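Asks: Any chance you could fold what I've pasted below:
(one chain, ligands or ions: 2)
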Amino acid sequence: MTISTIEPSTALSADIAVIGGSGLYQIQALTNKRSVTIQTPYGSPSDDIVLGELEGVTVAFLTRHGQGHKLTPSEVPYRANIYALKTLGVRYIVSVSAVGSLQEPLKPLDMVVPDQMIDMTKQRVSTFFGEGAVAHISMADPLCPALANILTRAYDKAEIDEGTCHPQATYICIEGPQFSTRAESKWYRQMQADVIGMTNMPEAKLAREASIAYATLALVTDFDCWHPTEEAVSADYAIKNLMKNAENAQKVIKEAVALIAAESPDSIAHNALAQALVTPIEAMDEHTKIRLAALLT
Ligand SMILES: CSC[C@H]1O[C@H](OP(=O)(O)O)[C@H](O)[C@@H]1O
Ligand SMILES: Nc1ncnc2[nH]cnc12
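Replies: Numbering: from 1, shown residues only. Ligands and ions are numbered 1, 2, ... in the order given. Presented below is the predicted three-dimensional model:
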């Protein structure tokens, strides 16, 4: 771990992390920032992790696509990202993501806190396990209900005057980087998906394997391409709407961090691995134990 100090450094651990997606490359209100370079057994994370204080609470911030948005959704090193956050002691991850809406009532500039996910990704490694250690984690409730509840309450506290917040929605994750065809978009609607994105899987699976509570604040940017009258999504269109909402998202994050710190909620994720590990630790070889060390402690 290398630490490059931006301002005088204090804590080098954090209970709470924010993963910033498209359009959220920093948290403006973060003070006393210090940047940490972490290597993991799964390679380097998307970027250095910035630790700082938000309303007096230490927060770890990681840009999912790296500074300059250089990593496609398929290229994001999901395992390294989650592992690196785990080594910092993170117990809660707030994921911020741009999404397309697959349902009329979910409009651009609304926010959504999903409670379900469908994984349609095709070429991502979605587990820390294998090669000498087996775990079958429960993904019945892929997003932490306690953390999702905090995000919804944080939205209310942030008193945002445009758009609305929709708790409970199904997020479908496609491989990308291309947006969907109209036929796919209509099919996802038939599957009862509500919002569509390209990144929250396998991120949510890996967070669960790492026993970290994970929930998503999804920012609706477009109507994908199923809508009879709205124009089909383009990156340009999605990012323009995202920029309009980035400031509001930061207000919600600030309230959420304060609530998490005050309540420190128990999560179904926190003991997830204990119930899922099939291979006894004593049966693992030394290399496997070292590779998984941060997850097994
Ligand atoms: C620029 S729109 C498409 C892009 O935005 C979303 O990324 P993220 O979840 O990191 O905000 C979506 O999944 C695509 O990667
Ligand atoms: N329509 C869409 N499809 C996939 N990812 C998205 N991110 C934002 N809008 C999206």
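Asks: Up against ligand 1, what does the stretch 101-250 of the chain have?
Replies: Within the stretch 101-250 of the chain, the residues that sit near ligand 1 (C-beta under 6 Å from any ligand atom) are 176, 197-199, 235, 238-239. For every residue, glycine as well, the C-beta is placed using N, CA and C.
Asks: Neighbour-wise, give me the winner out of these.
Replies: With neighbours defined as other C-beta atoms under 10 Å, the most crowded of those is residue 199; it has 29 neighbours.
Asks: Would you confirm that it contacts residue 76?
Replies: Yes. In this structure, residue 199 is within contact of residue 76 by C-beta atoms under 8 Å, at 6.4 Å.
Asks: one step back: give me the subset of the residues of the stretch 101-250 of the chain next to ligand 1 that lies in strands.
Replies: Judged by DSSP state E, these include residue 197 as members of strands.
Asks: okay if I get the residues of the stretch 101-250 of the chain next to ligand 1 as a markdown table plus distance to ligand 2 and pLDDT?
Replies: Below are those laid out as a markdown table (distance: C-beta to the nearest ligand atom, whole Å; pLDDT from 0 to 100):
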| residue | distance to ligand 2 | pLDDT |
| --- | --- | --- |
| 176 | 6 | 97 |
| 197 | 5 | 98 |
| 198 | 5 | 98 |
| 199 | 8 | 98 |
| 235 | 8 | 93 |
| 238 | 4 | 92 |
| 239 | 9 | 91 |
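Asks: what's the closest of the residues of the stretch 101-250 of the chain next to ligand 1 to residue 274?
Replies: residue 199 (27.4 Å; C-beta to C-beta).
Asks: which residues does the nearest residue to the closest one once chain neighbours are set aside contact?
Replies: Excluding its sequence neighbours, the residue lying closest to residue 199 (C-beta to C-beta, 6 or more residues apart in numbering) is residue 73, at 4.9 Å. Counting by C-beta atoms under 8 Å, 6 or more residues apart in numbering, residue 73 makes contact with 175-177, 198-199.
Asks: Show me which residues of the stretch 101-250 of the chain sit near ligand 2.
Replies: 179, 196-198, 221-222, 224, 233, 238.
Asks: next one: stretch 121-137 to chain centre, how far?
Replies: The chain centroid and the centroid of stretch 121-137 are separated by 18 Å under C-alpha atoms, centre = their mean, to the nearest Å.
Asks: Residue 150 reaches residue 267, doesn't it?
Replies: No. Look at residue 150 against residue 267 with C-beta under 8 Å: they stay out of range, at 10.5 Å.
Asks: Compare these two (neighbour count), which wins?
Replies: Neighbours around residue 150 and residue 267, counted as other C-beta under 10 Å, are more numerous at residue 150. The numbers are 25 against 20.
Asks: Regarding this protein, what is its longest helix?
Replies: helix 235-263 (DSSP state H).
Asks: For it, buried residues please.
Replies: 237-239, 241-242, 244-246, 248-261 (16 or more other C-beta atoms under 10 Å).
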